[in-house]
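Asks: coords please:
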Amino acid sequence: MIKSQLHVLWCLPMFWLASFSSAAAQSQPAPVSYASANQVNTLLGNIEQTSQTTLADLNKVRVEKWKTDSGVKRQTQGDIDALSRNLQSALPTIVNELRAAPEDLAATFKLYHNLDALHDVFRSVAESAGAFGSKSEYQALGNDSEAMDTIRRSLAERMQNLAAAKEAELTRLHAQLKAAQANPPAPAKKIVIDDNEPVKKPAKKKVPKPPTAAPTQPPPQ
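Replies: Residues are numbered from 1 along each chain as shown. Next up, the predicted model:
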């Protein structure tokens, strides 16, 4: 059951996401502010650093030496393998998606959902290490679990603020649409050209005749 949480990561049971996507498709996306981009880069950097530390600590765990039965060892080792695969493959892909679109609400929720599932499984492995493993294994995994939970909470707070901003933007677009429907623009004037109307010939210009010369009189005798 724990492993299944790592595979169900792409469900988005938030119906208002469709409204935001539709509104974004009808308007040009607003440029990402420096503060928002900086916040996302900091979060993603912390995720990548924590992921590398967690992978190193998971590789140091020696489940085969734990003082417990083979069923618990097999279950825990399977969880560790699933965590390692997610940290090496699925998580970097989602991180890159959000880095390319810092204010994409769907990508933000996808990353949060993945971190939430990882944290649940990782906490179970850390508790098993505390019960059956060495003290160093438990301390390392416990620190990684706390770091992952801190990042998850920060991402949840950002997602909440981003959703509020998207809702405000949707409200503004809805108000603009109602105003446009209440005051439609005046219809444009149409110019009709009749192709059957005979073409008027240009009037000929009258050329003035030269004046007639008066007869010359003979000189007096």
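
Asks: mind checking how far the nearest residue to Val32 once chain neighbours are set aside is from Thr42?
Replies: Distances taken as C-beta to C-beta, 6 or more residues apart in numbering place Pro102 nearest to Val32, at 5.2 Å, with adjacent residues excluded. No exception for glycine: its C-beta is placed from N, CA and C like everyone else's. From Pro102 over to Thr42 the distance is 11 Å, taken as C-beta to C-beta, to the nearest Å.

Asks: neighbour count for these two, which is higher?
Replies: Pro102 (20 against 11; other C-beta atoms under 10 Å).

Asks: quick one: secondary structure of the more buried one?
Replies: coil (DSSP: H, G, I helix; E, B strand; the rest coil).

Asks: can you pull the contacts of it?
Replies: By C-beta atoms under 8 Å, 6 or more residues apart in numbering, the residues touching Pro102 are 32, 36-37, 40-41.

Asks: ok, for the most centrally placed residue in the chain, nearest residue in space, not its chain neighbours?
Replies: A centroid search over the chain (C-alpha atoms, centre = their mean) returns Asp104, at 2.2 Å, as the residue closest to the centre. Once flanking residues are discounted, Asp104 sits nearest to Leu98: 6.7 Å by C-beta to C-beta, 6+ apart.

Asks: report the buried residues of the host helix or strand of that neighbour.
Replies: Here Leu98, judged by DSSP states H and E, is contained in helix 91-100. Within helix 91-100, the residues that count as buried by 16 or more other C-beta atoms under 10 Å are 91, 94-95, 98.

Asks: do stretch 159-176 as well
Replies: 162-163, 166, 170.

Asks: cool, stretch 126-140 as well?
Replies: 126, 128-129, 132-133, 137-138, 140.

Asks: out of those residues, which two sit at the greatest distance?
Replies: Phe132 and Ala140 (15.0 Å; C-beta to C-beta).

Asks: what helices or strands is the longest helix seen in the chain leaning on?
Replies: The longest helix of the chain (DSSP state H) is helix 135-182. Secondary-structure packing of helix 135-182 (3 or more C-beta pairs under 8 Å, 6 or more residues apart in numbering; DSSP states H and E): helix 16-26, helix 34-60, helix 105-132.

Asks: closest to Lys189 out of these?
Replies: helix 16-26 (28.7 Å).

Asks: what's the closest of the buried residues of helix 91-100 to Ser145?
Replies: Once C-beta to C-beta is applied, the member of the buried residues of helix 91-100 that ends up nearest Ser145 is Leu91, at 15.4 Å.

Asks: the residue nearest to Asp104 reaches Leu105, doesn't it?
Replies: No: counting by C-beta atoms under 8 Å, Leu98 does not reach Leu105; the two are 10.4 Å apart.

Asks: these two touch, right, Val95 and Ile47?
Replies: Yes: assessed by C-beta under 8 Å, Val95 is found in contact with Ile47 at 6.1 Å.

Asks: how about Ala186, phi and psi?
Replies: phi -60, psi 140 (degrees, to the nearest 10).

Asks: check contacts around it.
Replies: Contacts for Ala186 (C-beta under 8 Å, 6+ apart) come out as none.

Asks: so where's this protein shaky on pLDDT?
Replies: The model of the chain has pLDDT under 70 over residues 1-30, 190, 192-221.
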